[in-house]
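A.B. asks: just need the structure, nothing else, for what follows:
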Amino acid sequence: LLATVAACGDAPPARPRAVPLSAHVEPPATHTVTPIAPSPLPRRLWVQPGHPAHEVADALLLRSPDDAALLERLAALPAGIWLGPWMPDPRKEVAKIVDAAGRTGAIPVLVPYNIPSRDCGQHSAGGASSPEVYARWIGQVALGIGSSAAIVVLEPDSLTVTDCLGTGELERRLAMLRAA
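C.D. replies: The predicted structure follows:
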């Protein structure tokens, strides 16, 4: 997916640097980005309106206009929309997202994040209370997408953060991911 996003030209820089917009910064001479393959995306990625960075940029405008400008540029880039238990009706919320993106001719990037024992109790502890609850929840996400175009980054740390899971729990997690 990262190669795909990079190939479509919409990938944000690794770390924005605080430089005035009028300043010209040359990339290091040794830095070359070569796409692995042409982008398979027929359309651009969706930029969600009302990104929280806009509010922070507004607050910084008078004190630090250069930082505010950088935040506005960041808010104008496509980003994944995280989906989780904080959404009271995932089917309805996801349908609104894919409909809004579709009206602009873009593809949304959705990031479901509700698998049981997600993050092994670390910074983002939580998730569905059982595999059955997760199956219903992810089913509602799928129904919200329907036949619309969307890129889904499924449970991004569910395979990298597994050290708290016993063998049986890991097998259940893998089964949930396969079913999703």
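
A.B. asks: any idea which helix or strand in this structure has the lowest mean pLDDT?
C.D. replies: helix 2-7 (a mean of 36; mean pLDDT, DSSP states H and E).

A.B. asks: could you tell me the average pLDDT over the helix or strand following that helix, please?
C.D. replies: The helix or strand immediately downstream of helix 2-7 is helix 52-60, counting by DSSP states H and E. The average pLDDT within helix 52-60 is 87.

A.B. asks: what packs against helix 52-60?
C.D. replies: helix 65-75 (3 or more C-beta pairs under 8 Å, 6 or more residues apart in numbering; DSSP states H and E). The C-beta positions use only the backbone N, C-alpha and C, and glycine is treated the same way.

A.B. asks: the next helix or strand after the helix it packs on pairs with which strands?
C.D. replies: Downstream of helix 65-75, the first helix or strand assigned by DSSP H and E is strand 81-83. If you go by DSSP bridges, strand 81-83 pairs up with strand 109-112 (parallel).

A.B. asks: now the strand it pairs with: average pLDDT?
C.D. replies: Rounded mean pLDDT across strand 109-112 is 97.

A.B. asks: neighbouring contacts of the helix or strand following it?
C.D. replies: Counting by DSSP H and E, the next helix or strand C-terminal to strand 109-112 is helix 131-145. Residues outside helix 131-145 that contact it (C-beta atoms under 8 Å, 6 or more residues apart in numbering): 83, 85, 89-95, 97-98, 110, 112, 114-116, 127-128, 152, 172, 175-176, 179-180.

A.B. asks: may I have helix 131-145 exported as PDB, CA atoms only?
C.D. replies: C-alpha atoms of helix 131-145 as PDB (Å, rounded to 0.1, in the frame of the first residue of the first chain):
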ATOM      1  CA  PRO A 131     -14.600 -12.100  18.300                       C
ATOM      2  CA  GLU A 132     -18.400 -12.200  17.800                       C
ATOM      3  CA  VAL A 133     -18.800  -8.500  18.600                       C
ATOM      4  CA  TYR A 134     -15.900  -7.700  16.300                       C
ATOM      5  CA  ALA A 135     -17.500  -9.800  13.500                       C
ATOM      6  CA  ARG A 136     -20.700  -7.800  13.800                       C
ATOM      7  CA  TRP A 137     -18.900  -4.500  13.900                       C
ATOM      8  CA  ILE A 138     -16.600  -5.200  10.900                       C
ATOM      9  CA  GLY A 139     -19.700  -6.500   9.000                       C
ATOM     10  CA  GLN A 140     -21.300  -3.100   9.600                       C
ATOM     11  CA  VAL A 141     -18.200  -1.400   8.300                       C
ATOM     12  CA  ALA A 142     -18.400  -3.600   5.100                       C
ATOM     13  CA  LEU A 143     -22.100  -2.800   4.700                       C
ATOM     14  CA  GLY A 144     -21.300   0.900   4.900                       C
ATOM     15  CA  ILE A 145     -18.800   0.600   2.100                       C
END
